[in-house]
Each structure stands twice: as structure tokens, then as C-alpha cells.
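Chemist: how would this look folded up:
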Amino acid sequence: MRGSWVSFELEAPDEGEMARRIAAYSTSHAWLVAEIDGALAGYAYGSPHRDRAAYASSCDVAVYVAPEYARRGVGRALYAALLPVLAAKYHAAFAGIALPNDASIGLHEAMGFTPVGIYRQVGRKMGGWRDVGWWQRLL
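Modeler: Model (predicted):
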């Protein structure tokens, strides 16, 4: 997101890069999109947690909701659809949340995620160091 540290992207990915990501994660994990009245309201996806073989039963998840659709249940609906799909193949899901972000923390905890730790000053964006908290849910 531009003007925010909720994503650690420094430049917004173009359509080609988003298409590449959707294709990659759709085949290995899942990628879901929410539309409201034909407009993109948000998306959620699973992706690999780490490269080493012992992590193969875990995945990372992310959800993004367009600001104009915030607090309308879009994130909850996306996760309600995504998590069962991932549960068929994975044991645990991890979500990294750039801090502070009370709305995202609230969503993840409402969906059964619990905090497991914080990476302090792990990324630099918008002129400052940013922390990322990690939440986990067994699927």
C-alpha cells in the first residue's frame, strides 16, 4: 500500500508481477479475491513459509483489504474461505503483521491466530524502522 507500512513493498507491483504471484501461489497454495459490485475489495493468499523441507507442512498467509471496504467483513470472509483450503495440505499457518496495526491484529486473533513473537526493526520503510509481529494458527 502506498503511504503505509502494512506491506513492505517499496514500489507497488505492476499487473505483470501480480499476475506472476497469483499464478505461482494459486498452484502451490491458494489465492482468493473478493469483489463487491465488480470492484476489487481485497485478496488473501497462502505462500511457502520457509524453503527447507522440514517446513513443508507450514505456510504463510496474508490478507489485504482495500481501505474503502475496511471493517465490512471482507478480511474475515477471505480467511474463512482460504484457511480450509490450506488445511487440506498444511498443518500450520503464519501471518506477519507490520506494527502497529490494530485492525489486522484484531482480524487475525478473531480468526484463531495467536501471537508468537516480534521481529524488531526488521524492515525500513517511510523513513523509519518497522517491527513485524508474527501470529500462528494450527490448521
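Chemist: can you give me the helices in this protein?
Modeler: 15-28, 74-87, 102-110 (DSSP state H).
Chemist: Quickly, which of those bottoms out on average pLDDT?
Modeler: When the helices of the chain are compared by mean pLDDT, helix 15-28 comes last with a mean of 90.
Chemist: who touches that one?
Modeler: 13, 31, 45-48 (CB atoms under 8 Å, 6 or more residues apart in numbering). All C-beta atoms are positioned from the backbone trio N, CA, C, and that covers glycine.
Chemist: just the residues you listed now: which is nearest residue 126?
Modeler: Nearest to residue 126 among the contacts of helix 15-28, counting by CB to CB, is residue 13 at 17.7 Å.
Chemist: and residue 52, which of the helices of the chain is closest to it?
Modeler: helix 15-28 (15.7 Å).
Chemist: With just CA atoms, put that closest one into CSV.
Modeler: Taking C-alpha atoms only, helix 15-28 is exported to CSV below (Å, rounded to 0.1, in the frame of the first residue of the first chain):
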residue,chain,number,x,y,z
GLU,A,15,0.0,-6.0,-13.2
GLY,A,16,2.6,-8.4,-14.6
GLU,A,17,4.2,-9.0,-11.2
MET,A,18,0.8,-9.5,-9.5
ALA,A,19,-0.2,-12.0,-12.3
ARG,A,20,3.1,-13.9,-11.7
ARG,A,21,2.4,-14.1,-7.9
ILE,A,22,-1.2,-15.2,-8.4
ALA,A,23,-0.1,-17.9,-10.8
ALA,A,24,2.6,-19.2,-8.5
TYR,A,25,0.7,-19.2,-5.3
SER,A,26,-2.6,-20.4,-6.8
THR,A,27,-0.9,-23.7,-7.9
SER,A,28,1.1,-24.3,-4.8
